[in-house]
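Novice: sequence first, predicted model second:
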Amino acid sequence: MSIRKKGTAGRIVCTLSAVLFTVLAASGCVRTEDAAAGSVEQEETKVQIGLSFDSFVIERWMRERDVFVSAAKELGAEVNVQNANGDVQDQISQIEYFIRKQVDVIVVVAGDCEALTDVMIKAREAGIKTVSYDRLIQNAGCDLYISFDNTEVGRLMARSLLENIPDGGDIFLIQGPLTDHNVTLVREGIDETLAGSNLSVVYESNCAGWIAENAYTYTKEGLKQDRYVKGIICGNDDLASQAFRALSEERLAGKVYVTGQDGDLAACQRIVEGTQEMTAFKSVEQEASMAAKCAVLLGLGEEIEEARSTAYDGTYQVPYLELQPIAVTGENMDEVIIKGGFHAKEDVYLNVN
């Protein structure tokens, strides 16, 4: 897959100069002022990455930030992290700042996958490599999209309800915001799996900005319409926490099958306690470390061999590095979450005697 190779020659010159400087310094043939110049040249070879997060409202993002920054630094890159705190205009301004700084690569967890199109095109036109991290920015022609198979996430959650409610019944969908393209993909997987089944979606809502408290309100609202609901598919585990709170107040916790995604600690605790059925687990360490590696490669003008497929962003076929989610239940909690080092056993089983 062809990737633009801007700046490779310049970087090779800098690297060769640094090697030559080291050899000469070892033989005592470099003056102090030459040594200083060599150090500056070495510094300039570092890939500069701008990393913009929509917000840290969702538990996983701070964890991924730390893994990404650490992995990029190990590869010799420098990362400038910005947090838009859920404000789309702030995120646009942050990306414009990265463009002015002339960073090598801009990596974005988009708050609004359509609102960022123009600024990402502007970055691309400035010769900067662009990466859609986890959420595909629409019509922007990014150099790379790295994410989990979000349609499969929807399938896993819907399949869980089908298996646990064989006689059928009514279910709720409490999803994330439609500005997040992943929400659309997850819904496609849910609809595909439920098609022709005897489960009926009788109430659905979308939580703007992934604000979890909205899920509490929507679950309460749904229960007023249908108290005999059999299951609730939540857009993530944070929303599931609030749906659980609403169910608890109605003395329905453990009687209604709840699903989520991300593998949050609270969700894993509920699963072993019996008040949440499953979570679609995504190894965020894997995603963050792979994204960091790919960003550095893009900054060096290298190809991303792992991006073996493409994702259509509405205009362009974007190179896509697809990762796979895993359905985690009480049966495989120890194997996937605990042995995998995502959460400690004592934390997951904290409330289980």
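Specialist: That came through, no problem.
Novice: residues contacting V186?
Specialist: 150-151, 153-154, 157, 175, 235, 261 (Cβ atoms under 8 Å, 6 or more residues apart in numbering). (Each C-beta comes from the backbone N, C-alpha and C, glycine too.)
Novice: same thing but 10 Å
Specialist: Residues in contact with V186, defined by Cβ atoms under 10 Å, 6 or more residues apart in numbering, are 150-158, 173, 175-176, 180, 233, 235-236, 261, 280.
Novice: now do G231
Specialist: Residues in contact with G231 (Cβ under 10 Å, 6+ apart) are 157-158, 160-162, 164-165, 169-173, 199, 256-259, 277.
Novice: go on, Y228?
Specialist: 169-170, 202, 252, 256.
Novice: can you do 7 Å?
Specialist: With contact taken as Cβ atoms under 7 Å, 6 or more residues apart in numbering, Y228 is in contact with D170.
Novice: what's the answer for P325, then?
Specialist: Contacts of P325 (Cβ under 7 Å, 6+ apart): 148-149, 152-153, 156, 280-282.
Novice: which pLDDT value belongs to it?
Specialist: Looking at P325, its pLDDT reads 96.
Novice: ok, the closest residue to Q48 other than its chain neighbours to V318 distance?
Specialist: Computed as Cβ to Cβ, 6 or more residues apart in numbering, the closest residue to Q48 that is not its neighbour in sequence is V103, at 4.3 Å. As judged by Cβ to Cβ, to the nearest Å, V103 and V318 stand 20 Å apart.
Novice: which residue ranges of this structure form strands?
Specialist: Ranges of strands in the chain, per DSSP state E, are 48-53, 78-83, 105-109, 129-133, 144-148, 169-175, 199-206, 231-234, 257-261, 278-281, 309-312, 317-323, 326-328.
Novice: closest one to Q91 among these?
Specialist: strand 48-53 (5.8 Å; Cβ to Cβ).
Novice: output that closest one as PDB - backbone C-alpha positions only.
Specialist: Provided in PDB are the C-alpha atoms of strand 48-53 (Å, rounded to 0.1, in the frame of the first residue of the first chain):
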ATOM      1  CA  GLN A  48       6.900  15.200  16.100                       C
ATOM      2  CA  ILE A  49       3.400  13.900  16.800                       C
ATOM      3  CA  GLY A  50       0.300  15.900  17.700                       C
ATOM      4  CA  LEU A  51      -2.200  13.800  19.600                       C
ATOM      5  CA  SER A  52      -5.700  15.300  20.000                       C
ATOM      6  CA  PHE A  53      -8.400  13.700  22.200                       C
END
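Novice: what's the angle from that strand to strand 105-109?
Specialist: With axes from the mean of the first three to the mean of the last three Cα atoms, to 10 degrees defining the directions, strand 48-53 sits at 10 degrees from strand 105-109.
Novice: I'd like the average pLDDT over strand 48-53.
Specialist: Mean predicted confidence for strand 48-53 is 97.
Novice: quick revisit: model confidence score at the residue nearest to Q48, please.
Specialist: 97.
Novice: in contact with it: list those residues for me.
Specialist: Contacts of V103 (Cβ under 7 Å, 6+ apart): 48-50, 128.
Novice: same thing with G274?
Specialist: Counting by Cβ under 7 Å, 6+ apart, G274 has contacts G254.
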